[in-house]
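Novice: next input, structure requested:
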Amino acid sequence: MKPRILILAGGVASRMKKAAEVQDIDQHLLDQADTVNKGMIGLGYAGRPFIDYLLYNAYKAGMEEVLLLLHPQDDVTQPYYERMMAEGNAWGLQIRFARQHIAPDRAKPAGTADAVYQALQQHPDWHQGRLIVCNSDNLYSIEAMRQLWEGAHANALIGYDRDALDFPEERIRAFALIKKNKDGFLEEITEKPSDDEVAEAVRTWGRVEVSMNIFVMEAAAMLPYFATTPFHPVRNEKELPTTVNRFVKEHPLSFFVVPRAEKVPDLTSKQDIRLVQDYLFHHYQDFSA
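Specialist: Sure thing, here's the model as predicted:
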């Protein structure tokens, strides 16, 4: 089985499209933020989109096959990457596409767990073997992807040191806390942890680890759980952490937590555009296909 990665890029990016007072950002980038998949905002070298950098890191980590899960109305991303492959500029990656179709009674996609399920259902040859699953609006490092794929555990996730992420406090609090046992296996991904839960993590591990939604997993084992993930009672979405929690509850010691301490560029809102631009400028100065 070739190394493969599923990148979730089907959301509506409501926070990116909110009106915001921003400075020192080119108007054409703000216009793109309002109209295209946020991963396709051309904030990189020579206007290259953010997802290019994620794909480049995936290639450097050893990935060979990519499945991009897109919004059904996205008419930009697939033609762009089909052209890149045709021109031989996709680093040899075999990029395929899926769409997160929206039920008639919904106005937006049904969440990240539904995204994974729909992507796999549209590509039955991905039902066997392992795959990395991640968001399209975070620039995960080459080393993080490599650790997941080359690690000894069939299922794993990165546990990021909260203090190393270099995010504002209000954003940090939005990340889900990772609870693990003494041997490093996941017990639960906890949304909006209490102060006591955070303090317990510090006492036990000396740091707080959070999830940024990057996993490696066995597709065949996880697929039934994606198919039956319930809607969140408040957000009304089927969420990837819920799927993983249900699997871990029935299969203890099944997901290993790989600890990492590093900054992860995050493209959530317009205020992030300049920060991500600066990061790419300083860390990918020799970036090219």
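
Novice: show me the contacts for residue 192.
Specialist: By Cβ atoms under 8 Å, 6 or more residues apart in numbering, residue 192 lies in contact with 173, 174, 176. In short, each C-beta sits where N, CA and C put it, glycine included.

Novice: the last one contacts residue 240, doesn't it?
Specialist: Right, residue 176. No - counting by Cβ atoms under 8 Å, residue 176 stays clear of residue 240, with 10.3 Å between them.

Novice: comparing the two, which shows the higher neighbour count?
Specialist: residue 240 (24 against 19; other Cβ atoms under 10 Å).

Novice: which SSE is immediately downstream of the worst-scoring helix or strand of the chain on mean pLDDT?
Specialist: The helix or strand of the chain with the poorest confidence is helix 14-17; it has a mean of 57 (mean pLDDT, DSSP states H and E). Sequence-wise, the next helix or strand downstream of helix 14-17 (DSSP states H and E) is helix 27-35.

Novice: elements contacting the following helix or strand past that following helix?
Specialist: Downstream of helix 27-35, the next assigned helix or strand under DSSP H and E is helix 50-60. Secondary-structure packing of helix 50-60 (3 or more Cβ pairs under 8 Å, 6 or more residues apart in numbering; DSSP states H and E): strand 4-9, strand 65-70, helix 142-150.

Novice: list the buried ones in the last one?
Specialist: The neighbour-count check on helix 142-150 (16 or more other Cβ atoms under 10 Å) flags 144, 145, 146, 147, 148, 149 as buried.

Novice: the last one and residue 248, how far apart?
Specialist: If I follow you right, that is residue 149. Counting by Cβ to Cβ, to the nearest Å, the separation of residue 149 from residue 248 is 20 Å.

Novice: do the third one as well
Specialist: Using Cβ to Cβ, one gets 24 Å for the distance from residue 146 to residue 248.

Novice: can you check the second one too?
Specialist: Plainly put, residue 145 is 22 Å away from residue 248 if you go by Cβ to Cβ.

Novice: just residue 72 next, same as before
Specialist: 31 Å.

Novice: more neighbours: these two, which one.
Specialist: Ranked by neighbour count (other Cβ under 10 Å), residue 72 and residue 248 place residue 248 first, with 20 against 11.

Novice: and that one, that one's in a helix?
Specialist: Yes - using DSSP: H, G, I helix; E, B strand; the rest coil, the assignment for residue 248 is a helix.

Novice: wait, it touches residue 186, no?
Specialist: Yes - if you go by Cβ under 8 Å, residue 248 and residue 186 touch, sitting 5.4 Å apart.

Novice: hey, what's in contact with both of the two?
Specialist: When contacts are counted by Cβ under 8 Å, 6+ apart, the set common to residue 248 and residue 186 consists of 254, 255.

Novice: could you pull up phi and psi at the closest residue to residue 207 other than its chain neighbours?
Specialist: Spatially, and ignoring its direct neighbours in sequence, residue 207 is nearest to residue 161 (5.1 Å; Cβ to Cβ, 6 or more residues apart in numbering). When quoted as degrees, to the nearest 10, the phi and psi of residue 161 stand at phi -60, psi 120.

Novice: ok, now which ones touch residue 161?
Specialist: Taking Cβ under 8 Å, 6+ apart as the test, what residue 161 contacts is 207, 208, 209, 259, 260, 261, 262.

Novice: now for residue 70, how many residues are close by?
Specialist: 26.

Novice: still on that earlier bit, and the residue nearest to residue 207, what pLDDT?
Specialist: Note for residue 161: predicted pLDDT of 97.

Novice: distance check, it against residue 257.
Specialist: 12 Å.

Novice: so residue 193 makes contact with residue 174?
Specialist: No - Residue 193 lies out of contact with residue 174 (Cβ under 8 Å); the separation is 10.9 Å.

Novice: more neighbours: which of the two?
Specialist: Neighbours per residue (other Cβ under 10 Å) separate residue 193 from residue 174, with residue 193 holding more: 21 against 11.

Novice: just say helix, strand or coil for the more buried one.
Specialist: Applying three-state DSSP: residue 193 is coil.

Novice: noted, bye for now.
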